[in-house]
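Novice: Mind looking at a prediction? Sequence and model below.
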Amino acid sequence: VPASMVQPVAPGDNFHFTAKGNPIITHHYTADPAAMVNNDTLWLFAGHDFEGGQRGYKMKDWLAFSTVDMKTWTEYPVPMKITDFAWAKSGDAYAGQVIARNGKYYWYISTNTYGIGVGVADRPEGPYKDAIGKPLLTNKDCFASNHSWACIDPAVFIDDDGQAWLFWGNQQCYYAKLKANMTEIDGEVKQIQFEGMRFTEAPWVHKYQGKYYLSYATEFPEKTAYAIADNIGGPYVYKGILNDLAGNSNTNHQAILEFKNQWYFIYHNGGINTDGGSFSRSVCIDKLFYNTDGTIKRIVMTTE
Ligand code: FUB
């Protein structure tokens, strides 16, 4: 897939396409999906693998898509670029998540090496701008790790009492409260203690029947594991592997949410990657089902 694929550029110059099974987007390489439901619309936010091959990640912007029926999609002009974060310099546009609050949309993003930032916009499709002009979190907030990409993969969650939380990390999973303004950390950074499968990266928090579910990438190449807790900070009880290795991709990065009475598991694989590397990824969506005891049935990855 050439990097110069169809791309809306001007506001209103949206691009419409119909997903024909997985991967759902075949005119770009897309990775690290995060999703949000806003009224009758599911919004999908993704990273964007530019070139692939064996050369590592090359990710310079993030992309936004919406759907009302999980089949027909709208793609918007590029809502945010790594260069919108002056402090991120030459970093890559790693994983993030968008959430609505205070009539605005906050996009927590990560960059390899430079840490986690937050973009803000008036509309889900952007354009987003750097909300604070500096990183929200850096490697020094990842006190238990000593590698340069420890501070990545922010996942944001607003609890029923209105408190917003941020989870993030690589090799270790960290969490903290966000202040009501969504742009400052409130109090101490803490660490999730895992028993069960090792935490690699890509935390995602959701709530189901009053319990907290923390899903995450485990091992490497990555599978998706999950754990359940009664409290947001744990203790989280390991419940097993949720998704297997995603073909042709070392990473798997998931989002989990309910839309129109159906739960979905959104992730990436290397479904249209023909170069043999693991850096040309594609977002996929499959249905997610719970057992009556609240555990989740293993995801069946489909191509249809
Ligand atoms: O896309 C770059 C990085 O790869 C993400 O931040 C990780 O979650 C993994 O998917």
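Specialist: That came through, no problem.
Novice: Could I get the contacting residues of Asp230?
Specialist: Contact analysis of Asp230 by CB atoms under 8 Å, 6 or more residues apart in numbering lists Lys211, Tyr212. Yep, even glycine has a C-beta here, placed from its N, CA and C like the rest.
Novice: At the contact with the ligand, which residues of the stretch 51-200 of the chain appear?
Specialist: Tyr57, Tyr94, Ala95, Ser110, Ile152, Asp153 (CB under 6 Å from any ligand atom).
Novice: which residue packs closest to the third one, ignoring adjacent ones?
Specialist: What it means is Ala95. Nearest residue to Ala95, sequence neighbours excluded (CB to CB, 6 or more residues apart in numbering): Asp32, at 3.6 Å.
Novice: residue ranges of the helices in the stretch 51-200 of the chain, please?
Specialist: Using DSSP state H, counting those that start in this stretch, no helices are found in the stretch 51-200 of the chain.
Novice: those strands in it, which residues are they?
Specialist: Using DSSP state E, counting those that start in this stretch, the strands of the stretch 51-200 of the chain run over 61-67, 72-75, 80-81, 93-101, 104-111, 115-121, 129-130, 155-158, 164-168, 174-178, 185-191, 199-208.
Novice: Format those strands as TSV; extra columns: distance to Ser215.
Specialist: As requested, the strands of the stretch 51-200 of the chain are exported to TSV (distance: least, CB to CB, whole Å):
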stretch	distance to Ser215
strand 61-67	21
strand 72-75	24
strand 80-81	24
strand 93-101	13
strand 104-111	17
strand 115-121	19
strand 129-130	28
strand 155-158	9
strand 164-168	11
strand 174-178	14
strand 185-191	17
strand 199-208	5
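Novice: Reformat the ones you listed as JSON lines; add mean pLDDT, distance to His268 and mean neighbour count.
Specialist: What follows is the strands of the stretch 51-200 of the chain, written out as JSON lines (pLDDT from 0 to 100; distance: least, CB to CB, whole Å; neighbours: other CB atoms under 10 Å):
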{"stretch": "strand 61-67", "mean pLDDT": "97", "distance to His268": "12", "mean neighbour count": "22"}
{"stretch": "strand 72-75", "mean pLDDT": "96", "distance to His268": "16", "mean neighbour count": "18"}
{"stretch": "strand 80-81", "mean pLDDT": "97", "distance to His268": "19", "mean neighbour count": "20"}
{"stretch": "strand 93-101", "mean pLDDT": "98", "distance to His268": "10", "mean neighbour count": "24"}
{"stretch": "strand 104-111", "mean pLDDT": "98", "distance to His268": "15", "mean neighbour count": "25"}
{"stretch": "strand 115-121", "mean pLDDT": "98", "distance to His268": "20", "mean neighbour count": "24"}
{"stretch": "strand 129-130", "mean pLDDT": "98", "distance to His268": "26", "mean neighbour count": "15"}
{"stretch": "strand 155-158", "mean pLDDT": "98", "distance to His268": "15", "mean neighbour count": "22"}
{"stretch": "strand 164-168", "mean pLDDT": "98", "distance to His268": "18", "mean neighbour count": "23"}
{"stretch": "strand 174-178", "mean pLDDT": "98", "distance to His268": "23", "mean neighbour count": "21"}
{"stretch": "strand 185-191", "mean pLDDT": "97", "distance to His268": "26", "mean neighbour count": "13"}
{"stretch": "strand 199-208", "mean pLDDT": "98", "distance to His268": "10", "mean neighbour count": "22"}
